[in-house]
Structures are given as C-alpha cells and as structure tokens.
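Peer 1: Pasting the sequence and the predicted coordinates here, then a few questions.
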Amino acid sequence: MYKHILIATDGSGLSEKAVKHGVKLAKALKARVTGMTSTPTWLDLHAGPGAMAVASDDYEKEAEANAAKALAPIVRAAKAARVPCATVHVRHPNVWEAIIRTARAKRCDVIVMGSHGRSGMKALVLGSETNKVLAHTRIPVLVHR
C-alpha cells in the first residue's frame, strides 16, 4: 500500500502523537518515513507586519535548534521501531506549502500530520495548516486528532 510516509511535525505534543502513529503505520506497512518540519526564512519572517528586531544569525541558530528538537522524536521512534528514516528541515514562509512540496519532492505516497483542532473564530482567522494541506494536495493525508 504505502511505501514512503511523510510525517510533518511542529514539535508540539499533538504532533508527537501523530509521529508515533505515523511510525507505527510505517512499521506495519514495512514503509520508510521522512520526517519534516518547516521554518520561515528570516527575511520572510521579518518583512511583514509585526516584524521583530532579531539578528539573522540568532534567528538561524534558534531555527536550527528548534527544528532538531522537533525532528528528534521522529528519529527516536523510527529507530526504536527499526523503520528507515530521513529528516528534513524546510525553509518556507507557508508551512502547508512546504509540506506538500516536500511530499512531492521526496515522492511520498501519504502524509501524516496532527490537527490542532481549532474551532470557531480561531479556526476562521488563523486557518489550519492541516486544512490547507488537505485542500491543496492530491496525496492522501492521514490526520491524527
């Protein structure tokens, strides 16, 4: 069925639950996983409204550290389950687009990700990266709530 699973994470607790589920799915299917997280580039982050005064070097170091921390649970879970695993830290202003582009580039046949389950005005105003992925990809998406 699925041979290559993209597991998208932001490092949150809900994402970690999706990570565990994605790795279990990979093990059951004898598939491999690519774990990914996305960070906006310094320029994308600091060009818009509400821009903050942070040095680009400081931002880059923190972004790399946060990405490593977010991806570590995927590496640990895959290693424990003996599932082949690669990771990638993508720089892109739109998380949903980074997820879809990575899945295509890595030739993944399913995307596993969490849903933060926003509702009401928060969902309307903030939107949902998960909803955007669902709306813009033809790759199957498994959403862990």
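Peer 2: Looks like it arrived, so ask away.
Peer 1: low-scoring stretches of the protein, by residue?
Peer 2: Within the chain, the ranges that satisfy pLDDT under 70 run 44-54, 117-127.
Peer 1: mind running it again at 50?
Peer 2: 124-126 (pLDDT under 50).
Peer 1: all helices of the protein, in order?
Peer 2: Per DSSP state H, the chain carries helices over the ranges 13-29, 42-46, 56-81, 95-105, 120-126, 129-136.
Peer 1: closest to Gly35 out of those?
Peer 2: helix 56-81 (3.3 Å; C-beta to C-beta). The way it works is simple: take the backbone N, C-alpha and C, and place the C-beta from them, glycine included.
Peer 1: buried stuff in the closest one?
Peer 2: 59, 63, 67, 70-71, 73-75, 77-78 (16 or more other C-beta atoms under 10 Å).
Peer 1: what's the answer for stretch 2-15, then?
Peer 2: Quick answer for stretch 2-15 (16+ other C-beta under 10 Å): 2, 4-11, 14-15.
Peer 1: about what we covered before: closest one to Ala98 out of the buried residues of helix 56-81, please.
Peer 2: Ala67 (11.8 Å).
Peer 1: So what's the residue count around the residue nearest to that closest one when sequence neighbours are not counted?
Peer 2: Counting by C-beta to C-beta, 6 or more residues apart in numbering, Ala67 lies nearest to His89, which is 4.0 Å off, once chain neighbours are set aside. Neighbourhood size, His89 [other C-beta atoms under 10 Å]: 17.
Peer 1: hang on, isn't His89 packed against Met36?
Peer 2: Yes. His89 is in contact with Met36 according to C-beta atoms under 8 Å; the separation is 7.5 Å.
Peer 1: Overlap of the contact sets of those two?
Peer 2: Common contacts of His89 and Met36, defined by C-beta atoms under 8 Å, 6 or more residues apart in numbering, comprise Leu71.
Peer 1: how close does Ala103 sit to Ala65?
Peer 2: Using C-beta to C-beta, to the nearest Å, we find Ala103 at a distance of 25 Å from Ala65.
Peer 1: for Lys106, that is, sorry about that
Peer 2: Lys106 is 23 Å from Ala65, by C-beta to C-beta.
Peer 1: likewise Gly22?
Peer 2: 23 Å.
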